[in-house]
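> following is a predicted model, sequence given first.
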Amino acid sequence: MPTIEEALYIKLEAIDPTIAGALHNMLCDIPFTHLVNTLQLTKPEVLIIGCTTYSEEITERIIEAKRHKYGAVYVCASQYTDTNKHEALVAGARDFFSYPLSKLILQRALQDYLTNRPVDTSKTSRPKVIALMGARGGSGTTSVTVNLAACFAKDGTRVGLLDFSRPYGDVATFLNTPSKRDRRHAARDIGLMNASFMKSAMYHHSSGILALVAPEVTMGTGSVVPETVSAMLLAAADAFEIIVIDMGSRVDAALYRVMEMADASLLVAMPTKPCMGSAKRFVQTITSGGFENFCKLSLVLTGCVSGNTLSKFEIEKTIGVNCIICLPEDQKGTFIAINDGTPYCHLYPESPLTSSLKELAAHLEQHECPNEKSKV
């Protein structure tokens with residue numbers, strides 16, 4: 001019998017509540033399986049798809065899952081034909097089950113895979129998630145977010161940029177994206193959300209970034225709420241190596257959810273007394289709301305100029321959060337980049353600000369929260 005260290009990390013996708021509940025209960029009863037939940041971005045090794053009636057969409061989902069390096073895909077359907085079963089197996093499914101399904105059959109199938117799998121699940125990869133939030137509007141949060149994503153994407157890294165800023169997001173403006181697709185399209189069916197849905201709603205920027213932009217209408221489908229945030233991040237985890245999120249400057253339940261799931265959270269502020277006051281209140285607010293894992297929270301100062309009367313030490317003492325970088329001011333270049341819809345680091349690749357942004361990106365790629373509990 002496999003030890004606990006050999007647990008299979010499994011993602012379950014099933015729309016029918018009866019099938020979803022039955023499969024969920026079976027998997028919870030199997031000692032070596034671990035269902036990835038809404039607060040975990042650990043890359044699942046196995047995908048189990050449950051459905052009432054088999055469809056072409058299931059075949060496409062199997063192909064996509066194999067392309068994103070799932071070790072095995074299992075399908076469980078209550079209505080299907082022999083042709084459907086053949087299509088699923090040809091697409092890459094490891095096995096096809098009829099519903100109702102006994103726990104013993106499912107356990108034997110998963111145990112067979114566990115015994116013969118060619119990979120070490122202790123080394124399963126997960127994306128790095130970086131959330132940025134502003135102490136107040138106009139502090140440069142979106143500018144830093146967009147340019148960080150551009151720095152990450154420069155070497156070919158798969159980067160997803162998510163605009164969760166409320167009530168309106170500006171990532172679309174900063175990247176000069178058309179408004180044909182936005183967050184509402186990705187969230188049109190939370191139960192079906194996966195990497196394909198996410199990517200189909202994202203804008204493919206010339207920098208290599210895939211951006212999920214905010215809708216012009218902020219109510220209804222696509223609203224930034226904890227359930228939508230979790231579903232989108234889990235779907236994005238199948239498609240990207242790094243996920244960068246613009247959270248804007250509001251403190252609400254969605255912000256707490258993102259901060260729980262993120263590897264690093266950056267509070268963006270300017271070195272002025274009004275902004276320092278806002279940053280201090282921001283930190284006090286999230287602390288009173290229950291978020292105390294400050295090894296994840298760092299301060300990024302924007303618009304820094306030599307001779308500023310506020311020292312880095314004074315700023316850190318006032319806010320109560322360590323500052324990891326001071327980004328130099330280039331107001332003219334920043335305005336040109338924003339109005340042009342091009343990342344600043346692309347327009348001015350040799351500038352001091354771009355060098356600092358690259359330094360920040362390099363730091364975040366290596367960053368690990370020293371006191372963070374393992375996400376298992």
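Here it is on my side, so go on.

> any low-confidence regions in the stretch 251-376 of the chain?
By pLDDT under 70, the weakly predicted segments of the stretch 251-376 of the chain are 290-295, 367-376.

> same thing but at 80, please
Where the stretch 251-376 of the chain drops to pLDDT under 80, the residues are 289-295, 306-310, 367-376.

> all strands for it, in order.
Per DSSP state E, counting those that start in this stretch, the stretch 251-376 of the chain carries strands over the ranges 264-269, 297-304, 323-328.

> redo these as a markdown table? Include distance to Ile243 and mean neighbour count.
Any C-beta I mention is one placed from the backbone N, CA and C, and that applies to glycine too. Formatted as a markdown table, the strands of the stretch 251-376 of the chain follow (distance: least, Cβ to Cβ, whole Å; neighbours: other Cβ atoms under 10 Å):
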| stretch | distance to Ile243 | mean neighbour count |
| --- | --- | --- |
| strand 264-269 | 11 | 25 |
| strand 297-304 | 17 | 22 |
| strand 323-328 | 19 | 18 |
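
> tell me, what residue is most central in this structure?
Nearest residue to the geometric centre of the chain (Cα atoms, centre = their mean): Leu233, 3.7 Å.

> now do the contacts for the residue nearest to Leu299 when sequence neighbours are not counted.
Distance criterion Cβ to Cβ, 6 or more residues apart in numbering; nearest residue to Leu299, sequence neighbours excluded, is Cys323 at 4.2 Å. Applying Cβ atoms under 8 Å, 6 or more residues apart in numbering to Cys323 gives the contacts Ser298, Leu299, Val300, Leu301, Lys312, Ile315, Glu316.

> now swap in Ile58 and tell me
Contacts for Ile58 (Cβ under 8 Å, 6+ apart) come out as Ile49, Cys51, Val75, Ala77, Ala88.

> any idea how far the second one is from Leu12?
Taking Cβ to Cβ, to the nearest Å as the measure, Cys51 and Leu12 are separated by 12 Å.

> picking up where we left off before, closest to Leu101 among the contacts of Ile58?
Ala77 (9.9 Å; Cβ to Cβ).

> centroid-wise, who is the farthest residue in this protein?
Outermost residue of the chain (Cα atoms, centre = their mean): Gly307, 38.1 Å.

> for it, give me phi and psi.
Here is the backbone geometry of Gly307 (degrees, to the nearest 10): phi 90, psi 10.

> okay, and the beta partners of the nearest residue to Cys304 once chain neighbours are set aside?
Taking Cβ to Cβ, 6+ apart as the measure, Cys304 lies nearest to Cys326, with 4.1 Å between them; neighbours along the chain are not counted. When assigned by DSSP bridges, Cys326 has beta-bridge partners Leu301.

> show me the contacts for Cys326.
Cys326 touches Pro271, Leu301, Cys304, Lys312, Ser356, counting by Cβ under 8 Å, 6+ apart.

> that older thread, just put the strands of the stretch 251-376 of the chain in a markdown table and tack on distance to Ser165.
Shown next, in a markdown table, are the strands of the stretch 251-376 of the chain (distance: least, Cβ to Cβ, whole Å):
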| stretch | distance to Ser165 |
| --- | --- |
| strand 264-269 | 12 |
| strand 297-304 | 16 |
| strand 323-328 | 19 |
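
> Leu35: which of these is closest?
Leu35 sits nearest to strand 264-269 of all these, at 25.9 Å, using Cβ to Cβ.

> quick one: the closest one to strand 297-304, angle?
If you take axes from the mean of the first three to the mean of the last three Cα atoms, to 10 degrees, strand 264-269 sits at 40 degrees to strand 297-304.

> so what does strand 264-269 touch, helix or strand wise?
With contacts defined as 3 or more Cβ pairs under 8 Å, 6 or more residues apart in numbering; DSSP states H and E, the packing partners of strand 264-269 are strand 128-134, helix 141-153, helix 273-288, strand 297-304.

> if you set the cut-off to 7 Å instead, what comes out?
Applying 3 or more Cβ pairs under 7 Å, 6 or more residues apart in numbering; DSSP states H and E, one finds that strand 264-269 contacts strand 128-134, helix 273-288, strand 297-304.

> return the most buried member of these.
Among the helices and strands packed on strand 264-269, strand 128-134 has the highest mean neighbour count (mean count of other Cβ atoms under 10 Å), at a mean of 25.

> list of residues touching it?
If you take Cβ atoms under 7 Å, 6 or more residues apart in numbering as the criterion, strand 128-134 is touched by 41, 141, 144-145, 233, 242-249, 255, 258-259, 261-268, 364-365.

> that strand pairs with which strands, parallel or anti?
Using DSSP bridges, the strands paired with strand 128-134 are strand 242-246 (parallel), strand 264-269 (parallel).

> can you redo those strands as a markdown table with distance to His24?
Below are the strands paired with strand 128-134 laid out as a markdown table (distance: least, Cβ to Cβ, whole Å):
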| stretch | distance to His24 |
| --- | --- |
| strand 242-246 | 26 |
| strand 264-269 | 31 |
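
> still on that earlier bit, what's the closest of the contacts of Ile58 to Asp163?
Ile49 (29.4 Å).
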